[in-house]
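1. got a structure for you, letters missing:
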């Protein structure tokens, strides 16, 4: 149920500085490398989608749009009429299932009705839904206590449930005069350029045709190494992909609360998050319910991705009457509003930071971390160890000596090559040995979680 207004509060959190997009200064030490004289990274095209005009492949890597260029959420270049808003609405498994884990048709009918009403008010709406596994379990007599724990089995169950869930959506939407179309995505659809472009074009064309796209993760083909396991991050990346005006994450609580309500019954609603600090995720709880795979921490990560894309997010209770219309209207107290960040992360770095699955780990010393946080490149001398068997161009996590992951990037050399150069200065390396481990242009210092 909605939290009373007198218990709502506005909370502001801080965010760590992120590196500038300017080229590193010449002569930087430990973590820095001059732009000139550095060979281009050996990075497969498949790892670097660019946001911009899909027809021309134009990049939009600047932190802010050029003068006269459309901003995220603007009508220009998005295929929609001026004044038309695009809303991405994500609903989780726990919001559309009952206590035993079966699909709750009444909850789905409420949600679909609100989507239809939002469309009638002039908005274009994309739905990101969970629930395929929940829809498939009863079909295979695996509901309740018989629910399997094996990921492979659950992926198989999802193939059965996907069509069943879509059938329910289509039936409900048809009664409301709405045509729905299913779109199944996996993380690689956001990191392989050709798939990214096709996904963007398909979603935009569906919207142009008046269709409500219903997006879900394609569990059947998503490998354990490349699947997400929840749809919150997909929703945020879809919002970026279609240049949405608003992302609404519907859940089974009033929004982001001041504490985990499972531990503290006095937890109150945080009405607005302007920025994040490192305490936030730990305060609001971690993983979701057994029925779902997300949770409030997952939603905060998704809201962070959307914020860095220039898309505001509302996290709200799916059971609240008119929740979608009220969120789209900017009504106070609907849930938790996460504002768009003033400091935008370029699309390419957004993909590196949040859409690419890491293939290895590079541990650095304190001097290298400080240099990276100033926007420098990572050099071999600042590396203390390299973990994983990865190729040149692979995404890797960057950890400090306390094990904290604070950055992600694309390695310029393979793990085997980098291990031979750990901690060594350029002048101590043999000819051709790797010195630049991750260039600043291929590295993202992650905002605080």
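-> Looks like it came in fine. Values in this document were obtained by computation on a predicted structure and should not be read as measured data.
2. Please pull up the helix or strand immediately following the longest helix along the chain.
-> Longest helix in the chain, counting residues (DSSP state H): helix 151-175. Once the chain leaves helix 151-175, the next helix or strand it forms, by DSSP states H and E, is strand 180-185.
3. What are the buried residues along that next one?
-> 180, 181, 183, 184, 185 (16 or more other C-beta atoms under 10 Å). (Each C-beta comes from the backbone N, C-alpha and C, glycine too.)
4. Columns distance to residue 134 and pLDDT on top of the residues you listed, output as CSV?
-> CSV is the format used below for those (distance: C-beta to C-beta, whole Å; pLDDT from 0 to 100):
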residue, distance to residue 134, pLDDT
180, 18, 97
181, 21, 97
183, 19, 95
184, 17, 92
185, 19, 89
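5. Between the residues you listed, which sits nearest residue 158?
-> Set against residue 158, the nearest of those by C-beta to C-beta is residue 184 (10.1 Å).
6. my read: the closest one touches residue 213, true?
-> No - using C-beta atoms under 8 Å, residue 184 is not in contact with residue 213, being 10.7 Å away.
7. what do the two both touch?
-> Common neighbours of residue 184 and residue 213 (criterion: C-beta atoms under 8 Å, 6 or more residues apart in numbering): none identified.
8. still on that earlier bit, output the contacting helices and strands for the longest helix of the chain.
-> For helix 151-175, the packing partners by 3 or more C-beta pairs under 8 Å, 6 or more residues apart in numbering; DSSP states H and E come out as helix 105-120, strand 124-129, helix 132-139, strand 180-185, strand 212-217.
9. Give me whichever of the ones you listed is most buried.
-> strand 124-129 (a mean of 26; mean count of other C-beta atoms under 10 Å).
10. Residue 337 versus residue 221, what's the distance?
-> 35 Å (C-beta to C-beta, to the nearest Å).
11. Compare neighbour counts for those two and give me the winner.
-> residue 337 (24 against 13; other C-beta atoms under 10 Å).
12. Need the three-state assignment for the more buried one.
-> strand (DSSP: H, G, I helix; E, B strand; the rest coil).
13. Now that it has come up, it's in contact with residue 312, right?
-> Yes - using C-beta under 8 Å, residue 337 is in contact with residue 312, at 6.6 Å.
14. tell me, what's touching the two both at once?
-> In contact with both residue 337 and residue 312: no residue, using C-beta under 8 Å, 6+ apart.
15. For residue 209, give its distance to residue 196.
-> 21 Å.
16. the more surrounded of the two?
-> Remark: of residue 209 and residue 196, residue 196 carries more neighbours, 24 against 9, as counted by other C-beta under 10 Å.
17. just how off-centre is the host helix or strand of residue 299 within its chain?
-> Taking DSSP H and E as the definition, residue 299 sits inside helix 296-308. Between the centre of helix 296-308 and the centre of its chain there are 7 Å (C-alpha atoms, centre = their mean, to the nearest Å).
18. likewise stretch 143-152?
-> The answer for stretch 143-152 is 27 Å, by C-alpha atoms, centre = their mean.
19. which of the residues in it are buried?
-> Those would be residue 147, for stretch 143-152 by 16+ other C-beta under 10 Å.
20. Now do it, average pLDDT.
-> For stretch 143-152, the mean per-residue pLDDT is 85.
21. End to end on it, go ahead and measure it.
-> The first and final residues of stretch 143-152 sit 16 Å from each other (C-alpha to C-alpha, to the nearest Å).
22. So residue 219, which state does it fall into?
-> coil.
23. what about the closest residue to it other than its chain neighbours, distance to residue 432?
-> Closest residue to residue 219 in three dimensions, ignoring its sequence neighbours and counting by C-beta to C-beta, 6 or more residues apart in numbering: residue 158, at 3.9 Å. With distances taken as C-beta to C-beta, residue 158 is found 47 Å from residue 432.
24. neighbour-wise, which of the two wins?
-> Ranked by neighbour count (other C-beta under 10 Å), residue 158 and residue 432 place residue 158 first, with 23 against 7.
25. Can you show me the helices along the stretch 201-350 of the chain?
-> Counting by DSSP state H, counting those that start in this stretch, one finds helices in the stretch 201-350 of the chain at the ranges 232-241, 280-284, 296-308, 323-328, 347-354.
26. What is the three-state secondary structure of the closest residue to residue 405 other than its chain neighbours?
-> In space, and not counting its chain neighbours, residue 405 is closest to residue 397: 4.8 Å by C-beta to C-beta, 6+ apart. Counting by three-state DSSP, the backbone at residue 397 sits in strand.
27. got the contact list for residue 397?
-> 358, 360, 361, 362, 405, 407, 408.
28. bridging residues for it?
-> residue 361, residue 408 (DSSP bridges).
29. Need the per-residue pLDDT for it.
-> Looking at residue 397, the pLDDT reads 96.
30. which stretches of the stretch 151-300 of the chain aren't confidently modelled?
-> 222-229, 277-294 (pLDDT under 70).
31. one more time with 80, if that's ok
-> For the stretch 151-300 of the chain, the stretches flagged by pLDDT under 80 are 187-193, 219-230, 259-265, 274-295.
32. Could you look over the helices of the stretch 201-350 of the chain and pick the most buried one?
-> Greatest average neighbour count among those goes to helix 232-241 (a mean of 28), per mean count of other C-beta under 10 Å.
33. And that one, what does it pack against?
-> Short answer (3+ C-beta pairs under 8 Å, 6+ apart): helix 232-241 packs on strand 86-91, strand 124-129, helix 193-208, strand 212-217, strand 246-251, helix 296-308, helix 347-354.
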